[in-house]
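Participant: Show me the folded form of this:
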Amino acid sequence: MSYLPDPLVPYTWEAYLELEAQADTRYEYHDGAIQGMAGASNRHNEVCGNCYTLLRQATRGRSCKPFAMEVKLFRYQSLRYLYPDLMVTCNPLDIQTANGVRSPLLIIEVLSNSTREADRSFKLREYLKLPSLRHYLLVEQQHCEVQHFRRQAEGQPWEVCFYEYITDVIALPELDLHLRLTDVYEGIVFGPELTLAQEEAEAYSVE
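Facilitator: This next block holds a predicted model:
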């Protein structure tokens, strides 16, 4: 059974967690407001799957773990609880707990038309406030492009790098990982996705 929150009623975080425990839908929590999470496109799911596989391989045998999509991020003293597409944490408490991640080392968001603005604005601000975070990657799914926010020395601004070529490699030294864009986009065919009308027309033509 799916429980629908009242958009006019502000929720405490305790009420939000209770709602999620009963609902079939994932919800993000924003200053008392609750927002349902939309389903992912095929391409979004493929890119996330590629990245998760690479992160899983990189963390095998280490005291770090990757998490994908269904695991929420709690930010200490924040009124927001979010669902990044992918996270890696090396914090023992995160690995032992059954309810979310609090100290990620890496966050990855795969951009879509419905999430691009949020991922580049308030989510960016929330993520970069995390003391544990060292890397934030924004991965395009319609074309080859990754924006990399990398923490520098204490007191220094975040460094921002752009990768636009399929031969580019992103260094994540804390995980001893060189993330190759050829692997991130493995199996992806770039170009516009079919509209619903085009899908229906194609289905009729096949029949």
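Participant: Can you give me every residue that contacts the residue nearest the centre of the chain?
Facilitator: Per Cα atoms, centre = their mean, the C-alpha nearest to the average position across the chain is that of residue 85, at 2.1 Å. For residue 85, the contacting residues are 44, 48, 51, 68, 69, 108, 109, 110, by Cβ atoms under 8 Å, 6 or more residues apart in numbering. In this view, the C-beta of every residue, glycine as well, is placed from N, C-alpha and C.
Participant: quick one: the helices in this structure?
Facilitator: 13-22, 42-59, 92-96, 116-120, 122-128, 181-184, 196-206 (DSSP state H).
Participant: Could I get the ones you listed in CSV, plus columns for distance to residue 104?
Facilitator: Converted to CSV, the helices of the chain look like this (distance: least, Cβ to Cβ, whole Å):
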stretch, distance to residue 104
helix 13-22, 19
helix 42-59, 11
helix 92-96, 8
helix 116-120, 15
helix 122-128, 8
helix 181-184, 19
helix 196-206, 35
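Participant: Show the low-confidence segments of the chain, by residue range.
Facilitator: Along the chain, segments meeting pLDDT under 70 span 1-9, 13, 20, 22-25, 27, 29-33, 35-40, 75-79, 192-207.
Participant: domain ranges for it?
Facilitator: Split into domains by automatic domain parsing, the chain comes to 1-37, 40-206.
Participant: looking at those, which is buried most?
Facilitator: domain 40-206 (a mean of 16; mean count of other Cβ atoms under 10 Å).
Participant: what distance separates that one from the centre of its chain?
Facilitator: For domain 40-206, the gap between its own C-alpha mean and the chain's C-alpha mean amounts to 4 Å (Cα atoms, centre = their mean, to the nearest Å).
Participant: that older thread, sort out which one of the contacts of residue 85 lies nearest residue 101 for me.
Facilitator: Ranked by distance to residue 101 (Cβ to Cβ), the contacts of residue 85 are led by residue 68 at 11.2 Å.
Participant: Identify the residues contacting the closest residue to the closest one other than its chain neighbours.
Facilitator: Nearest residue to residue 68 in three dimensions, chain neighbours excluded: residue 52, at 4.8 Å (Cβ to Cβ, 6 or more residues apart in numbering). Residues near residue 52 by Cβ under 8 Å, 6+ apart: 66, 68, 86.
Participant: ditto for residue 55
Facilitator: 66, 86, 88, 106, 175, 177 are the contacts of residue 55 under Cβ under 8 Å, 6+ apart.
Participant: quick one: strands adjacent to the longest strand belonging to the chain?
Facilitator: For the chain, the strand with the greatest residue count under DSSP state E is strand 104-110. Taking DSSP bridges as the criterion, strand 104-110 forms sheet pairs with strand 86-89 (antiparallel), strand 135-139 (parallel).
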